[in-house]
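In: Here is my input, please return the structure:
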Amino acid sequence: MNSAMRLPGRIGPHALLITAAAVPLTGWAVHAVSLYKQIADGRKDPLTDLPCRPEFVAYGERLLRSRRRNGVHVLMLDGVDFKAVNDTYGHTAGDTVIQTLGRRLARWSSGRKALAARLGGDEFAVCAVIPSSATLAEITALREQLRQPIQHDGLTLRLDVSIGIARAADLPGEDMSQILRGTDTAMYKVKKGEVPFSHVATRDDAYAETVNGRRGTHLLAGAE
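Out: Just a heads-up that it's a prediction; the model follows:
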């Protein structure tokens, strides 16, 4: 037997070949992990670290196909006078508000069968399984948490949100895109003062051709 194969601490020729072949595989594995992380990061909003619209819609669709469908609630949340925060205190303050809302929504969702997402600007959405008997209490408590003032650069910033609600049980057979449209319609009605905060989307809301002047198809983008 070759002495190189007998001596401890030496590497034989076959081992050298295996090691050499493994080097590019290891390099590819590292690259694959890095690529996967980039893709995963791309699915999250960089400011709040919440999922973006496609992941939110996919999550909702999975719940709608499950036995929990009748307990599925979709919320649309829109900041009140957010532009005034940016205009008065600057975009850093605006970013702080967005991040704070994101953290509060994530914390609320973490204790439930729920997912919060940022849809863009100061618009957020939540998909959660909530017992019908607890719907109003749960969502009212969430609204109160979101409205708590925050401190920024020595200033006290007052927060408020308009919330639209849709229940899958009220919209049998509808997919996530249609339910989202109903939720958005309900939220805008609340924001305009046409209905109280506890208004729940109807089938007419879900099939509104336009959302009172809002972008009528914006909720469907990226939903497929």
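In: how is the protein carved up into domains?
Out: Using automatic domain parsing, the domain parsing of the chain gives 3-42, 53-220.
In: And residue 156, its phi and psi?
Out: phi -100, psi 120 (degrees, to the nearest 10).
In: any chance of the domains of the chain in a markdown table, plus mean neighbour count and mean pLDDT?
Out: Bear in mind the C-beta positions are built from the backbone N, C-alpha and C, glycine included. Below are the domains of the chain laid out as a markdown table (neighbours: other Cβ atoms under 10 Å; pLDDT from 0 to 100):
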| stretch | mean neighbour count | mean pLDDT |
| --- | --- | --- |
| domain 3-42 | 10 | 47 |
| domain 53-220 | 18 | 92 |
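In: just checking, residue 85 touches residue 92?
Out: No: taking contacts as Cβ atoms under 8 Å, residue 85 lies outside contact range of residue 92: 10.3 Å.
In: So residue 195, which state does it fall into?
Out: coil (DSSP: H, G, I helix; E, B strand; the rest coil).
In: contacting residues for it?
Out: By Cβ atoms under 8 Å, 6 or more residues apart in numbering, the contact list for residue 195 reads 186, 189.
In: Could you rerun that using 10 Å?
Out: Residue 195 makes contacts with 164, 186, 188, 189, 205, as judged by Cβ atoms under 10 Å, 6 or more residues apart in numbering.
In: Distance of the second one relative to residue 136?
Out: I take that to be residue 186. To residue 136, residue 186 is 14 Å away according to Cβ to Cβ, to the nearest Å.
In: And for the first one?
Out: From residue 164 over to residue 136 the distance is 14 Å, taken as Cβ to Cβ.
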